[in-house]
Structure formats: structure tokens, C-alpha cells
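Novice: One predicted model, sequence on top.
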Amino acid sequence: MISTKQLTWNKESKTFSAFISDFGKNFQFERIYPDACDEGITVLSDKTGKTAVFYVKGIQRNYEDGIQYWILEADQKSIKQNPTLKNVKIQIWND
């Protein structure tokens with residue numbers, strides 16, 4: 001689980017961001033549904049104490065086909081529980 005304390009918030013773009021190394025050397029995306037292969041993270045809000053699931057929506061690659069960053073979006077269940085998460089993204093930079 002990732003805390004919002006570990007993320008930087010950009011209000012204008014509605015995007016949290018961080019470097020993958022900020023989560024420790026053993027960090028890996030987790031399988032978020034038992035019956036599917038979708039991967040992502042669970043985020044704990046420092047303000048509300050509530051959690052939300054974000055799934056990997058896309059991967060941006062560089063010219064050498066290396067990963068530059070991952071883009072994650074809140075899943076539908078999390079948005080239903082907290083509509084303010086609609087259009088919120090997390091960008092995790094590969095460093």
C-alpha cells in the first residue's frame with residue numbers, strides 16, 4: 001500500500017506523481033483483482049484514511065523501448081465510493 005504522503009499532487013492536472021524508487025527497492029505492482037491479470041496499487045489517503053485502487057492504464061516508453069513512466073487511474077469501484085477520484089491519475093517515473 002502506498003500513502004499519499006509518498007506522492008506529489010498537481011492540482012491543475014489532477015495527477016499524483018512519484019519516482020518508483022520512492023517506494024523501496026522491492027516495490028512491484030500488485031495484482032488488483034483475483035480473477036484478472038490487471039496490476040496496480042492501493043493508495044491510502046493521508047487526509048481521509050480511505051483507500052483506493054489504481055490500475056496501470058498505460059506505459060510510456062522511450063526511443064530504446066525502456067519504460068519512462070506508468071500511468072495509473074482509479075478503478076470503477078473506487079470512483080463509485082469516492083467520485084472525486086474521477087480523472088485523477090498517478091504517474092510513476094521509472095528511475
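Specialist: The structure has been received and is ready for your questions.
Novice: the helices in the chain, which residues?
Specialist: Here the chain has its helices, by DSSP state H, at 76-81.
Novice: Buried residues in the strand of greatest length in the chain, which are they?
Specialist: Criterion DSSP state E: the longest strand present in the chain is strand 51-61. Neighbour counts over strand 51-61 (16 or more other Cβ atoms under 10 Å) mark 52-56 as buried. For every residue, glycine as well, the C-beta is placed using N, CA and C.
Novice: Quick check: pLDDT value at Phe16.
Specialist: pLDDT recorded at Phe16 is 98.
Novice: Any idea what it is bridged to?
Specialist: With DSSP bridges as the criterion, Phe16 is bridged to Trp9, Ile90.
Novice: Could you check how far it is from Asp35?
Specialist: To Asp35, Phe16 is 27 Å away according to Cβ to Cβ, to the nearest Å.
Novice: The two: which is more packed in?
Specialist: With neighbours defined as other Cβ atoms under 10 Å, Phe16 and Asp35 compare such that Phe16 has more, 20 against 6.
Novice: and the closest residue to Lys57 other than its chain neighbours, how many neighbours does it have?
Specialist: Using Cβ to Cβ, 6 or more residues apart in numbering and skipping the chain neighbours, the partner closest in space to Lys57 is Glu73 (4.6 Å). Applying other Cβ under 10 Å, we find 20 residues neighbouring Glu73.
Novice: doesn't Val43 make contact with Glu73?
Specialist: No. In this structure Glu73 lies outside contact range of Val43 using Cβ atoms under 8 Å: 11.5 Å.
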